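Coordinates for the following, if possible.
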Amino acid sequence: MVISQDELKSQLKELMRIPENIVCADCGDKRPTWASLIVPPPDLPFKSPIGCFCCFHCSGAHRRMGTHICFVRSVNLDEWKEKEIIAMRDGGNALINVLFQAKLNDEIKANARPDCHTDLEQRSKFIYDKYQHRKWYSVTAY
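Modelled structure (predicted):
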């Protein structure tokens, strides 16, 4: 059975209302309108992508990492596939941050984690460290 775009977007909007998904997974900006489907590291027990919601500014850094790390979609502008909605349902900002920020201590959070005013260079460095270099990643947090 083929699911309509209206139904897929409705499911996506439901996921966006989950409390941890109402802010960007990376900088905490309110009402993110982009999604990043993260290719899971090889040591996770699941092999399908898991998604998080991010703001426009952070989505650019996600996009620049390449599709071997993540695949970026606009919540409003792009058409969605059922498997992408499943990735968002299987992931979510809370799980993504549990995995990819497991070793992120309070000092780094205070000094390195971007906020909505962080410039592009610093924001990109944090996002690359988080997802591409897996600097604070731990599968044991899962």
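
Return the helix or strand in this structure with minimum mean pLDDT.
Within the chain, no helix or strand scores below helix 106-111, which has a mean of 75 by mean pLDDT, DSSP states H and E.

Go ahead and measure how far it is from the middle of the chain.
In terms of C-alpha atoms, centre = their mean, to the nearest Å, the centre of helix 106-111 is set 20 Å apart from its chain centre.

Residue ranges in this protein under the pLDDT threshold?
141 (pLDDT under 70).

Can you tell me which residue is spatially central in it?
Cys52 (2.8 Å; C-alpha atoms, centre = their mean).

sec struct for that residue, please.
strand (DSSP: H, G, I helix; E, B strand; the rest coil).

Now do the contacts for it.
Asn21, Ala25, Ala35, Ser36, Ile38, Gly91, Gly92, Asn93, Ile96, Asn97 (C-beta atoms under 8 Å, 6 or more residues apart in numbering). Any C-beta I mention is one placed from the backbone N, CA and C, and that applies to glycine too.

quick one on the thing from earlier: residues making contact with the least confident helix or strand of the chain?
Trp136.

try 10 Å this time
Gln101, Phe126, Asp129, Lys135, Trp136 (C-beta atoms under 10 Å, 6 or more residues apart in numbering).

after that helix, next one along is what?
Later in the chain than helix 106-111, the nearest helix or strand by DSSP states H and E is helix 120-127.
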